[in-house]
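In: Below is the sequence, then the predicted model.
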Amino acid sequence: MKTSGSTIFYTGLLALSLTACSQPSGSGKEASVDRQVEELLGKMTLQEKIGQMNQLSPFGGPEEVAEQIRKGEIGSLLNVTDPDVVNRIQKIAVEESRLGIPVLMSRDVIHGYKTIFPIPLGQAATFNPQIVEDGARVAAIEASADGIRWTFAPMIDISRDPRWGRIAESCGEDPYLSAVMGVAMVKGFQGDSLNDPTSIAACAKHFVGYGAAEGGRDYNSTSIPERQLRNVYFPPFEAAAKAGCATFMTSFNDNDGVPSTGNSFILKDVLRDEWNYDGMVVTDWASTAEMISHGFCKDEKEAAMKSVNAGVDMEMVSGTFIRHLEALVKEKKVSEAAIDEAVRNILRLKFRLGLFDNPYVNTDQDVKYAPTHLAKAKEAVEQSVILLKNDGETLPFTDKIRTIAVVGPLADAAHDQMGTWVFDGEKAHTQTLLPALKEMYGDKVTFIYEPALGYSRDKNTANISKAVSAAMRADAVLACVGEESILSGEAHSLADLHLQGAQSELIAALAKTGKPLVTVVMAGRPLTIEQEVKQSDAVLYAFHPGTMGGPAIADLLFGKAVPSGKTPVTFPKMVGQIPVYYAHTNTGRPASRQETLIDDIPLEAGQTSLGCTSFYMDAGFDPLFPFGYGLSYTTFGYDNLRLATDKPSANGTLEISFDLTNTGKYDGTEVVQLYVQDKTGSVTRPVKELKGFQRVSLKQGEKKTVSFSLPIEELAFWNIDMQRVVEPGEFNLWVGPNSAEGLQTSFTIE
Ligand code: BGC
């Protein structure tokens, strides 16, 4: 991804794979890696091979695993973060084990190591792959300084259910956006070359379908048919594989009855045979043994067998390989060739990472929380925060606002602001909003702090009156609400997505004061905040913004930065609308949006008097905010959409352009989006699909012609014959500010 001037341009997965960093396969370096792998493999006993396939997390410290490492029984460790301990372990591996194979040190470095960036869902809201890549680079530099050379990210599960706590870790609902962001993360983690000491191997997870857990309950089963896997769930993974993502992780779910860790269709037929992937496949935490609970294997031994035979290379923590593979090979239930193939994939990665040349970490590095890292993190927050509402130009705060009441449980919540999947970021380094406001704007504005609630789930309403009284003394109210970090992430699903505790009461009480009410939401997912949005004059959705949330949001509130984030996922009005996503199919009876809703239905209305369309009587059809939505302090005009031809050839590229004008009062950046609809197919097609986006910066009054080049190949999909083809016919095309608005035209492929 390259930035040219102030415009960041992206179209097409094809472009994605062309710009992605690829493994240097076929190069001299790779040939020599292969030679070294074969040479080493030739010296290994079966036990030593199985040892490489074993990954453990030494809860009891390095002594716990020293003997196993000496015996060559461990290939990788998770969660060792003390560089001195890393070096001690490597010394044992290199000097005291028979073959001297270094251990691969791993960790969940998901959205930062020490400097915490916005949660991945927040990063996706930037629609800026460059800032996302930069964030992953910062994380890699900081983590590798502690000896970590492998992270379990990016998480690129398509997530269309905000009840699922892990939506926080995802890039949202869209295959294209998730592919672009996933590739950006891979590039950032892995850098220009894996064997740079600051590079860490990335891991595309969770392969596959985990985000489609029934009812949004974590770990639940999924029912995704093959065509939908291919059209929706595979694309980010295929893009990551093609971008040279060093590893893949299997997912916990069973899809259509088959747990991913035992699924040779996805791990062999698709990943290896169709995508020619030569990286390494690890299971998720204990997911081999969990195939027993799934009812897919009767015992550990069968689980080990089904895992390896399905195409798993390394097992995370369940230890079934080390206990059973030798017997399974002797009984000819697992072939030694399968073991060799797995070990090849593992050793290849260790060679690519340069671990054999330099297994040790330089303990003399001072890179954590570097000023450049903090500056990047701040920039990422500025671009990720979404302005959902701004009635009467409430924001940015002008000079007329001299006193602001800061209320709510998230205004000064150093821990919670970091979000889920933070093991290494420290509260002491988190810059929260309240002190940032005082420090950065305290010379002009008086801030009265009255949190009212101690934490997001706090139900005690006793102090709401104090917040109301603070509001009465102020020119404006800033309510910081949302979710504690523990409320999203793994195993943290929710059935109710309203604000927790007494936060809604707090907002309602503040709204009644009649003072301008600005609500800032920090959360791990879209929440059902229709009522709070109505009650507020302005709403900024910040997700969990990480270390630099405070200063970034302060600058957004005062107009030093202008919001440009866009929703990476549809915001439902009510939980009952879920799943609700923009790229749905039309049904035979699409909603007209003229439907009579529940409060207007006459008594004893006739059975068919409401019309027979696909909608909810209480929620209607539309969500609270569509995918791709987000306002700015300025406004943008879209005009003059034109296509170079309305009959592009099937193997050509469609040139699209339109004029974008900054029609408002501020300089600003707009994320312009390109959507296409294949009107008729051999199978039904989504009403719209994102095919490109760009961040375009315009000065006040400035006008630019914006162009997209769309390779027609990008319109291919898996059709009725399970072939990936572009089917001729008519297409609609939109450019616009979100998935629900924009200029429209059409074209035909003959
Ligand atoms: C999660 C993975 C994670 C692994 C290691 C599992 O519970 O599902 O995403 O990488 O733990 O911590």
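Out: Received it, and whenever you're ready, just let me know what you need. Numbering: from 1, shown residues only.

In: Off-centre distance for stretch 188-196?
Out: 20 Å (Cα atoms, centre = their mean, to the nearest Å).

In: Where does pLDDT dip in the chain?
Out: 1-27 (pLDDT under 70).

In: I'd like the domain boundaries of the protein, if you could list them.
Out: Annotated domains of the chain cover 373-558, 636-749 [the TED database].

In: Checking Leu410 next. Helix, strand or coil?
Out: Following DSSP: H, G, I helix; E, B strand; the rest coil, the label given to Leu410 is coil.

In: residues contacting it?
Out: Shown in contact with Leu410 (Cβ atoms under 8 Å, 6 or more residues apart in numbering): 416-417, 433, 456, 480-482, 520, 522. For glycine as for every other residue, the C-beta is placed from the backbone atoms N, C-alpha and C.

In: phi, psi of the closest residue to it other than its chain neighbours?
Out: Nearest in space to Leu410, with sequence neighbours left out and distances taken as Cβ to Cβ, 6 or more residues apart in numbering, is Cys480 at 4.1 Å. Cys480 adopts backbone torsions of phi -110, psi 100, taken as degrees, to the nearest 10.

In: heads up, I number from 31, so please use that
Out: Yes, from this point I'll number from 31; that puts the last item at Cys510.

In: Alpha carbons only: can I get stretch 761-768 in PDB?
Out: The C-alpha coordinates for stretch 761-768 follow below in PDB (Å, rounded to 0.1, in the frame of the first residue of the first chain):
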ATOM      1  CA  PHE A 761     -24.300  -4.600 -12.900                       C
ATOM      2  CA  ASN A 762     -25.100  -1.600 -10.800                       C
ATOM      3  CA  LEU A 763     -22.300   0.500  -9.500                       C
ATOM      4  CA  TRP A 764     -22.200   3.200  -6.800                       C
ATOM      5  CA  VAL A 765     -19.600   5.600  -5.400                       C
ATOM      6  CA  GLY A 766     -20.600   7.100  -2.100                       C
ATOM      7  CA  PRO A 767     -19.900   8.000   1.500                       C
ATOM      8  CA  ASN A 768     -21.300   4.700   2.900                       C
END
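
In: surely Val133 meets Ala123?
Out: Yes. Between Val133 and Ala123 there is a contact under Cβ atoms under 8 Å: 4.9 Å.

In: In contact with the residue of the chain most remote from its centre, which residues?
Out: Distance from the C-alpha centroid of the chain peaks at Glu634, with 47.6 Å (Cα atoms, centre = their mean). By Cβ under 8 Å, 6+ apart, the contact set of Glu634 is empty.

In: How about Phe655?
Out: Phe655 neighbours (Cβ under 8 Å, 6+ apart): 418, 556, 597, 600-601.

In: Could you count how many residues lie near the residue in the stretch 131-280 of the chain positioned nearest to the ligand?
Out: Nearest residue of the stretch 131-280 of the chain to the ligand (Cβ to the nearest ligand atom) works out as Phe182 at 3.3 Å. Per other Cβ atoms under 10 Å, the neighbour tally for Phe182 reads 24.

In: burial of Thr424, as a residue count?
Out: Number of residues near Thr424 (other Cβ under 10 Å) recorded here: 18.

In: Quick check: it vs the ligand, distance?
Out: 40 Å (Cβ to the nearest ligand atom, to the nearest Å).

In: Check Leu640 too.
Out: The spacing between Leu640 and the ligand, counted by Cβ to the nearest ligand atom, is 44 Å.

In: Please look at that residue and Leu627 and confirm they touch.
Out: No. Counting by Cβ under 8 Å, Leu640 does not reach Leu627; the two are 9.2 Å apart.

In: shared neighbours, these two?
Out: Common neighbours of Leu640 and Leu627 (Cβ under 8 Å, 6+ apart) are Met647.

In: neighbour-wise, which of the two wins?
Out: More neighbours surround Leu640 than the other of Leu640 and Leu627, with 17 against 13 (other Cβ under 10 Å).

In: Can you pull the phi/psi pair for that one?
Out: When read as degrees, to the nearest 10, the backbone of Leu640 gives phi -90, psi 0.

In: How about the residues of the stretch 231-380 of the chain by the ligand?
Out: For the stretch 231-380 of the chain, the residues in contact with the ligand (Cβ under 6 Å from any ligand atom) are 235, 314-315.

In: if we can go back for a sec, could you identify which of the domains of the chain is most buried?
Out: domain 403-588 (a mean of 21; mean count of other Cβ atoms under 10 Å).

In: hmm, back to that, from the residues of the stretch 231-380 of the chain next to the ligand, which ones fall inside strands?
Out: Members of those lying in strands (criterion: DSSP state E): Lys235.

In: before we move on, back to that, how close does the residue nearest to Leu440 sit to the ligand?
Out: Cys510 sits 29 Å away from the ligand, going by Cβ to the nearest ligand atom.

In: That residue: what's it in contact with?
Out: 436-441, 463, 550, 552.

In: Closest one to Ala154 out of those residues, please.
Out: Met552 (16.1 Å; Cβ to Cβ).

In: Spatially nearest residue to that closest one, not counting backbone neighbours?
Out: Per Cβ to Cβ, 6+ apart, closest to Met552 is Gly512, 4.0 Å.

In: wait, that neighbour sits on Val551?
Out: Yes. Between Gly512 and Val551 there is a contact at 4.7 Å, judged by Cβ under 8 Å.

In: what ranges do the strands span in the stretch 381-530 of the chain?
Out: 416-420, 433-437, 476-480, 506-512 (DSSP state E, counting those that start in this stretch).

In: before we move on, the earlier item: quick one: which of the residues of the stretch 231-380 of the chain next to the ligand is most hemmed in?
Out: Ranked by the number of neighbours (other Cβ under 10 Å), those place Lys235 first, at 26 neighbours.

In: Please report the distance of that residue from Asp191.
Out: 17 Å (Cβ to Cβ, to the nearest Å).

In: same check, this time on Glu535
Out: Counting by Cβ to Cβ, the gap from Glu535 to Asp191 is 27 Å.

In: I'd like to check what contacts the host helix or strand of Leu70. Which residues are they?
Out: Here Leu70 sits within helix 58-73, counting by DSSP states H and E. For helix 58-73, contacts defined as Cβ under 8 Å, 6+ apart pick out 53-54, 79, 129, 131, 370, 373-374, 377-378, 381-382, 386.

In: beta partners of the closest residue to Lys718 other than its chain neighbours?
Out: Spatial nearest neighbour of Lys718, chain neighbours left out: Tyr705 (4.3 Å); criterion: Cβ to Cβ, 6+ apart. Note on Tyr705: beta-bridge partners Leu720, Trp764, judged by DSSP bridges.

In: wouldn't Tyr705 be in contact with Leu763 here?
Out: Yes. Contact criterion Cβ under 8 Å: Tyr705 and Leu763 qualify, at 7.2 Å.

In: Quick check: the residue lying closest to Ala674 once chain neighbours are set aside vs Asp370, distance?
Out: Distances taken as Cβ to Cβ, 6+ apart put Glu685 closest to Ala674, at 3.8 Å, once the chain neighbours are dropped. Plainly put, Glu685 is 50 Å away from Asp370 if you go by Cβ to Cβ.

In: now swap in Arg378 and tell me
Out: Taking Cβ to Cβ, one finds Arg378 at 12 Å from Asp370.

In: Comparing these two, which residue is more hemmed in?
Out: With neighbours defined as other Cβ under 10 Å, Arg378 and Asp370 compare such that Arg378 has more, 20 against 16.

In: Assign that one to helix, strand or coil.
Out: With three-state DSSP as the basis, Arg378 sits in helix.

In: Pull the contacting residues for the closest residue to Ala319 other than its chain neighbours.
Out: Spatially, and ignoring its direct neighbours in sequence, Ala319 is nearest to Ser348 (3.7 Å; Cβ to Cβ, 6+ apart). Ser348 sits next to 313, 316-320, 330, 333 when contact means Cβ under 8 Å, 6+ apart.
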